[in-house]
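Colleague: okay, sequence plus prediction incoming.
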There are 2 protein chains.
Amino acid sequence: MRVQALGEWGLIRRIRRTIGSGAPGVCVGIGDDTAVLQPTPGAWLLATTDLVIEGVHFRRRSAGPADIGWKAMAVNLSDIAAMGGTPRFALVALACPEETEVEEVDQFYEGLTAAAAPHGVALVGGDTSASPAGWIVNVTLLGEMTGAPRLRSGARPGDVIAVVGTLGRSAAGLAVLEAGLRPDLPGDVLAEVEQAHLRPVARVAEGKWLGARDAVHAMIDLSDGLATDLGHIATESGVAARVALPRLPVAPSAGAVAQALGLDALDLATTGGEDYELLFTMERSAAEAIATGLGSATGAAVTVIGEISTGTPGVQFNDAAGRAVDIGQGYEHFHG
Amino acid sequence: MRVQALGEWGLIRRIRRTIGSGAPGVCVGIGDDTAVLQPTPGAWLLATTDLVIEGVHFRRRSAGPADIGWKAMAVNLSDIAAMGGTPRFALVALACPEETEVEEVDQFYEGLTAAAAPHGVALVGGDTSASPAGWIVNVTLLGEMTGAPRLRSGARPGDVIAVVGTLGRSAAGLAVLEAGLRPDLPGDVLAEVEQAHLRPVARVAEGKWLGARDAVHAMIDLSDGLATDLGHIATESGVAARVALPRLPVAPSAGAVAQALGLDALDLATTGGEDYELLFTMERSAAEAIATGLGSATGAAVTVIGEISTGTPGVQFNDAAGRAVDIGQGYEHFHG
């Protein structure tokens, strides 16, 4: 059945059924003029929004409706994670062409709730509309935290720079999905990088754990690429950031894809973007305890990749010999 | 200068300048992974979101960037008003073609803040993106209230149905904007209906006042048209709604436009939509005091247009002789 045949209110009723209802703190969910929520008294409220547009952020050729829903939620979860917060409530606006099959809309909300459910996030409101051209999704996510949020502006000279997990898989996955011919690589390698691109997993538990440590000073999620995102920390904190390229935890799967497609693995890792790993700075003396503690608590690996110092705000990448290396820029939506 | 030449971060810095910064309850606004907000302890949080798409919700031929910004904010303010709440924080996502002039983006945010400023709403976050086809705007608005929100489900048999202000101006304005030839009518009439369509004013003060009255049971804003929106109250409350067509406060300007264009003024008033007036139900005995009180407090007029009774949930429109009249349906984004 097509969306057109169901009508807007038929669609909203169907969405309500798909996502279920009732969650702590939700007084009124989908279906009234607004959601009515009860945040935890005394907690900070975190709020973030992301627009995801067909042809700009994804292609239907490679991303199914469930992938679109998953990723639209995951990128917002990642923003809350980067503050050290707990995601709570989501508002989802979807526009799709009138001839869209209703089952595809179901799959979209299933993908979205699959990403949200492990974190107890309730879908409390939204909007639906016809779209003149392609799918358009906006997710707004509200989160909470009781301690101090970890801002981009918190980095201090003397801090070390660290990253959770590995780099380059999402960009490698995008390269595979966009390549005309599938590279001659084991199926599990291709699946890993494609999954990293289509179904990124936000580091929510890791962000909360890191956000509760006094030694962690600044944090951001890697959405636009290491070069750009570390640049935000440097600029907002007024510090210089120096990264040792040989230390970067490039994912082996990303390395294999880079080799097969004639790409530079370090380029994928520094400017590829969309890894949705956490980048943070911390007191040098705490680095070992933080790495061990996060590993015990969540299983995630921490790699120290550089250091913060006084100086002109900016990012410098150094090779094994300590020489500055020129790195391309990460993703900008409007290319200057 | 074009958006493309400024780049994404240049654009965000420019938006920060356009909208200003610093507002009560805002700890971190635009520029980090999320906004950090401090809602009033003990208050309910209200959350609503609306997607506004070129070619679906507006045409650039008739709506300038400032109009688009104003309306995207106003429709969300209206949703908060319909609960009886106080709007507080907004997140705004904008996608526009790369060749858009930066001045147009400025005008968009100026229109948006012009609609938000009288209510002390702070723009605390958002997203910017290139769009493959036309302007796409998503506004998420957070509000608060300490009392009980006025829901669509609150109508009780014996209530009277009332509306704030007048009906039909927005639909008349749309008809004028879409007409090939401008109707032969006084300029102030045309300006009034066009303004009502392009720059609707949300009834925020009226909603707060009504939401604080125990006698007011259900409330909704008129976005999809009286027939559809009253239908939501009837369905959600499980009651029958009966409206006397001769009682409808059709705006004189809408009547004049209807006559000039050969349209039915009652049709504009019942199914036209986008008036963003408030529709509510209240105890019959309180109707006179509520009308007088709201008039004194805000200057707005209240008109009783019908009544709520037990029976099959639905809406019936009656003519002067008390006969049921068939009315078309209001706006549905996916026409069933």
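Modeller: Perfect, I can see it now.
Colleague: when you work out contacts or count neighbours from here on, use the C-alpha atoms and nothing else.
Modeller: Noted.
Colleague: which helix or which strand is home to the nearest residue to A:Gln107 once chain neighbours are set aside?
Modeller: Computed as Cα to Cα, 6 or more residues apart in numbering or on different chains, the closest residue to A:Gln107 that is not its neighbour in sequence is A:Ala66, at 4.8 Å. A:Ala66 is part of helix A:65-83 when elements are defined by DSSP states H and E.
Colleague: for chain B, what are the nearby residues on the stretch 101-250 of chain A?
Modeller: A:125-133, A:138, A:140, A:149, A:151-152, A:220-221 (Cα under 8 Å from any Cα of the partner chain).
Colleague: try it again at 6 Å.
Modeller: A:126-127, A:129-130 (Cα under 6 Å from any Cα of the partner chain).
Colleague: how about the helix or strand of chain A with the lowest mean pLDDT: buried residues?
Modeller: Lowest by mean pLDDT, DSSP states H and E among the helices and strands of chain A is helix A:8-19, with a mean of 74. Residues of helix A:8-19 classed as buried: A:8-9, A:11-12, A:14-16, A:18-19 (neighbour count, 16 or more other Cα atoms under 10 Å in any protein chain shown).
Colleague: any idea how far A:Gly293 is from chain B?
Modeller: Using Cα to the nearest Cα, to the nearest Å, we find A:Gly293 at a distance of 24 Å from chain B.
Colleague: give me the pLDDT value at that residue.
Modeller: What the model reports for A:Gly293 is a pLDDT of 98.
Colleague: and if you look at A:Gln4?
Modeller: At A:Gln4, the model reports a pLDDT of 80.
Colleague: which residues in the stretch 151-300 of chain A form strands?
Modeller: Secondary structure of the stretch 151-300 of chain A (DSSP state E, counting those that start in this stretch): strands located at A:160-164, A:216-221, A:240-244, A:278-282.
Colleague: who wins for proximity to A:Ala175 among those?
Modeller: strand A:216-221 (21.2 Å; Cα to Cα).
Colleague: returning to that earlier point: closest to A:Ala117 out of the residues of the stretch 101-250 of chain A next to chain B?
Modeller: Closest to A:Ala117, out of all of those and judged by Cα to Cα, is A:Gly126, at 17.2 Å.
Colleague: the closest one contacts A:Ala90, correct?
Modeller: No - taking contacts as Cα atoms under 6 Å, A:Gly126 lies outside contact range of A:Ala90: 8.3 Å.
Colleague: so who does A:Arg150 touch?
Modeller: A:83, A:218-219 (Cα atoms under 6 Å, 6 or more residues apart in numbering or on different chains).
Colleague: equivalent analysis for A:Thr303, please.
Modeller: A:162-163.
Colleague: what's the answer for A:Arg169, then?
Modeller: Here A:Arg169 is in contact with A:193, A:196, A:254 (Cα under 6 Å, 6+ apart).
Colleague: again with A:Thr86
Modeller: A:143-144.
Colleague: so what's it bridging to?
Modeller: Beta-bridge partners for A:Thr86, by DSSP bridges, are A:Glu144.
Colleague: ok, now how distant is it from A:Ala291?
Modeller: Distance of A:Thr86 to A:Ala291, computed by Cα to Cα, to the nearest Å: 21 Å.
Colleague: surely A:Ala162 touches A:Ile305?
Modeller: Yes - A:Ala162 lies in contact with A:Ile305 (Cα under 6 Å); the separation is 5.4 Å.
Colleague: now for these two: what residues contact both?
Modeller: Contacts common to A:Ala162 and A:Ile305, judged by Cα under 6 Å, 6+ apart, are absent.
Colleague: close enough to count as contact, A:Val26 and A:Pro39?
Modeller: No - using Cα under 6 Å as the test, A:Val26 is too far from A:Pro39 to be in contact (8.8 Å).
Colleague: tell me, how many residues neighbour the residue nearest to A:Leu77 when sequence neighbours are not counted?
Modeller: Once flanking residues are discounted, A:Leu77 sits nearest to A:Ala202: 5.9 Å by Cα to Cα, 6+ apart. Counted with other Cα atoms under 10 Å in any protein chain shown, residues neighbouring A:Ala202 total 25.
Colleague: and the pLDDT at A:Ala202?
Modeller: For A:Ala202, the model assigns a pLDDT of 98.
Colleague: equivalent analysis for A:Gly328, please.
Modeller: Reported pLDDT for A:Gly328: 66.
Colleague: what ranges does the stretch 51-200 of chain A have for its helices?
Modeller: Using DSSP state H, counting those that start in this stretch, the helices found in the stretch 51-200 of chain A span residues A:65-83, A:102-116, A:169-178, A:187-198.
Colleague: that older thread, which one of A:Val26 and A:Pro39 has more residues nearby?
Modeller: Higher neighbour count among A:Val26 and A:Pro39: A:Pro39, with 24 against 21, using other Cα under 10 Å.
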